[in-house]
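Chemist: have a look at this prediction, sequence included:
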Amino acid sequence: MMRVMLHLGAQVLLLGLLAPLLPGLITKVKAWVAGRRGPPVLQLYYDLARLWQKSVVLSSAASPGHIAGIAVAWVATLGAALLLPLGPWASPVGFRGDAILFVYLLALARFCTTLAALETASAFEGMGAAREVSFAVLTEAAVMAGLLALGLQSASLSLSVMLLPAAGPATALLVLGLFIVLLCENCRVPFDDPNTHLELTMIHEAMVLDHSGPPLAAILHGAALKLLLFSLLLVQIVLPAGASSPALALAVLAGAVLVLTLLVGLTEALIARLAFNRVPLFLTTGFLLCLFALFVAWKAGRP
Amino acid sequence: MSPWLNLLIGLAMGLNLIALASSRLPSLIRSAAVQGLVLGTLPLLLGHGGWMTVLFAVCTVSVKGLLIPALLERALRAAHADREVQPLVGYVPSLLLGAAAMIASVALADALPLRAEHAGSLLVVGAFSTVFSGLLLLIGRAKAIAQVCGYLILENGIYLFGLLLIRATPLIVEAGILLDLTVAIFVIGIIMDRIQREFDTLDTRKLTALRE
């Protein structure tokens, strides 16, 4: 029992502390490609510390549901982080079917974020919430199809077992599809620009326009954590977990996440945003890639 | 042999989806052309390797991959038409329908009593899904050039099905089909020119409006 608690605490601390590093790295890569020096890699840590000390300005229309929604969203994302295995270490609270819980915890976080956005009674936040949810229809279907493909490959629905073996026959399709999902879920460039401040085209940023102080810090940290979770998921689909020593496996995992982050940064620097009406088409492509991965896994699994 | 064959057919099936999702005429023409190129090399992998097979493959590649797309690009340039495809069935529904057709054709191919040598290959699956994608493009696009591309993709599907019998049919039959296809594209080109002169557009919806 003590060991499990220690493991849980260590995993939450590790992922929670490392998460704000990824957006900083992506911004740095973008700055390098553009020939600028860019903000420091630790910028998000400074931002979070600054926001934590500020007071909260609440919309007069907001009920206590506003703060509660943000809190639930943050905790749900942390809970999803607990379910993910880290290289050779299986998740301490993993059970049969925890992949479904993982998807649903992320969905709960999204629901609460949009709820908190609607609570402020601002038109822009309502618009951002509507966009977030309508894109989620496709991304969640894609994630479900991808996880089912993994489940068929490993004949298990527990994340710790599903992510253990190396690439199966469907991996190329799956990785491409989930990379598209990662870009959309975390509001990266072909779908959304995290730096934009034009309300008419923002998605995630539009939802947090009226948030301030510690709640905004929780939202920003939750978004960074979600990026880390999706990167870890994608990386572990490709890499086999059974490397020689735990330290080496952890180093490989960290290196792969770093490479993926650089890749996201390069995508962001080199590709322009999609026209808004083309986004569903691109997302459908991602969904279909995951669906075909599921199909290939199913065909390969039969004699 | 079979993995390469399946890889190429899988590529052609992916090109079906790209054709269904592309919103510009040049990219639609290009995906039909690349599909012709890919499928043109298949007889080399399947056939008995005689010089007739090589000649047939070279003819198919040059007609479907080079000649017909060049004709279409020329028609597009001559018509000064705008390059938007103008779908009657939207891109996302067509993409989903194409994917559904792909999965349905796998089920259909499983149900058919195939000969043992074809059991592991994607030939029948590719044929059915390509035919369906071609039909979908023919029905769901308003521009004449997009419909021609649909027709080309449909023909590619029938050609794939014909490859099942490559050892049985004389290649002269296939050559005749290729000639027919070229003539058909010529005729369609002339029709497109007429539509363009009459209505100043390649939108075939104008043809359904009756006048005295």
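Modeler: Right, received. Where do you want to start? Numbering: from 1, shown residues only, chains lettered A, B, ... in the order given.
Chemist: from here on, just use CA atoms for contacts and neighbour counts.
Modeler: Fine.
Chemist: shaky segments in chain B?
Modeler: Where chain B drops to pLDDT under 70, the residues are B:1-2, B:47-49, B:81, B:210-212.
Chemist: switch the cut-off to 50
Modeler: The model of chain B has no residue with pLDDT under 50.
Chemist: contact residues of it facing chain A?
Modeler: B:21, B:91, B:92, B:95, B:96, B:99 (CA under 8 Å from any CA of the partner chain).
Chemist: again, only using 6 Å
Modeler: Those residues of chain B that sit near chain A, judged by CA under 6 Å from any CA of the partner chain, are residue B:92.
Chemist: report the contact partners of the single nearest residue of chain B relative to chain A.
Modeler: Here chain B gets closest to chain A at one residue, residue B:92, 5.5 Å apart by CA to the nearest CA. Contact analysis of residue B:92 by CA atoms under 6 Å, 6 or more residues apart in numbering or on different chains lists residue A:281.
Chemist: name the helix or strand for it, please.
Modeler: helix B:91-111 (DSSP states H and E).
Chemist: beyond that helix, next helix or strand please.
Modeler: Per DSSP H and E, the first helix or strand lying C-terminal to helix B:91-111 is helix B:123-140.
Chemist: hey, C-alpha coordinates of that following helix in CSV?
Modeler: Taking C-alpha atoms only, helix B:123-140 is exported to CSV below (Å, rounded to 0.1, in the frame of the first residue of the first chain):
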residue,chain,number,x,y,z
LEU,B,123,-7.0,-7.4,-55.8
VAL,B,124,-10.7,-7.9,-55.4
VAL,B,125,-10.9,-5.5,-52.4
GLY,B,126,-9.1,-2.8,-54.4
ALA,B,127,-11.3,-3.4,-57.4
PHE,B,128,-14.5,-3.0,-55.6
SER,B,129,-13.5,0.1,-53.5
THR,B,130,-12.0,1.8,-56.5
VAL,B,131,-15.1,1.2,-58.6
PHE,B,132,-17.2,2.6,-55.8
SER,B,133,-15.0,5.7,-55.3
GLY,B,134,-15.1,6.3,-59.1
LEU,B,135,-18.9,6.1,-59.0
LEU,B,136,-19.1,8.5,-56.0
LEU,B,137,-16.9,11.0,-57.9
LEU,B,138,-19.1,10.7,-61.0
ILE,B,139,-22.3,11.3,-59.0
GLY,B,140,-21.1,13.7,-56.4
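Chemist: next, the angle from that helix to helix B:91-111.
Modeler: 150 degrees (axes from the mean of the first three to the mean of the last three CA atoms, to 10 degrees).
Chemist: against which helices or strands is the helix or strand following helix B:123-140 packed?
Modeler: With elements assigned by DSSP H and E, the helix or strand that comes after helix B:123-140 is helix B:144-162. Packed against helix B:144-162, as judged by 3 or more CA pairs under 6 Å, 6 or more residues apart in numbering or on different chains; DSSP states H and E, are the following elements: helix B:123-140.
Chemist: how does it look with 10 Å?
Modeler: helix B:2-21, helix B:25-40, helix B:68-79, helix B:123-140, helix B:171-199 (3 or more CA pairs under 10 Å, 6 or more residues apart in numbering or on different chains; DSSP states H and E).
Chemist: most packed of the ones you listed?
Modeler: Highest mean neighbour count of the helices and strands packed on helix B:144-162: helix B:123-140, a mean of 24 (counted as mean count of other CA atoms under 10 Å in any protein chain shown).
Chemist: elements contacting it?
Modeler: helix B:2-21, helix B:91-111, helix B:144-162.
Chemist: just for chain A, where's the confidence low?
Modeler: For chain A (pLDDT under 50), the answer is none.
Chemist: how about the residues of it near chain B?
Modeler: A:278, A:280-285, A:287-289, A:291-292, A:295, A:299 (CA under 10 Å from any CA of the partner chain).
Chemist: tell me which residues in the helix holding residue B:92 are buried?
Modeler: Of all the residues in helix B:91-111, those buried under the rule 16 or more other CA atoms under 10 Å in any protein chain shown are B:91-92, B:94-99, B:101-103, B:105-106, B:109.
Chemist: alpha carbons of stretch B:84-96, as PDB, please.
Modeler: C-alpha atoms of stretch B:84-96 as PDB (Å, rounded to 0.1, in the frame of the first residue of the first chain):
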ATOM      1  CA  GLU B  84     -12.800  24.600 -57.300                       C
ATOM      2  CA  VAL B  85     -14.300  21.100 -57.600                       C
ATOM      3  CA  GLN B  86     -17.800  22.200 -56.400                       C
ATOM      4  CA  PRO B  87     -19.000  19.000 -54.700                       C
ATOM      5  CA  LEU B  88     -22.700  18.000 -54.700                       C
ATOM      6  CA  VAL B  89     -21.800  15.500 -51.900                       C
ATOM      7  CA  GLY B  90     -19.500  17.200 -49.400                       C
ATOM      8  CA  TYR B  91     -15.900  16.300 -48.900                       C
ATOM      9  CA  VAL B  92     -16.400  14.800 -45.400                       C
ATOM     10  CA  PRO B  93     -19.400  12.600 -46.400                       C
ATOM     11  CA  SER B  94     -17.600  11.400 -49.600                       C
ATOM     12  CA  LEU B  95     -14.500  10.600 -47.500                       C
ATOM     13  CA  LEU B  96     -16.600   8.600 -45.000                       C
END
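Chemist: contacting residues for residue A:48?
Modeler: Residue A:48 makes contacts with A:20, A:213, A:214, A:216, A:217, A:218, A:219, A:220, A:221, as judged by CA atoms under 10 Å, 6 or more residues apart in numbering or on different chains.
Chemist: what about the fourth one, neighbour count?
Modeler: Residue A:216 sits with 19 neighbouring residues when counted by other CA atoms under 10 Å in any protein chain shown.
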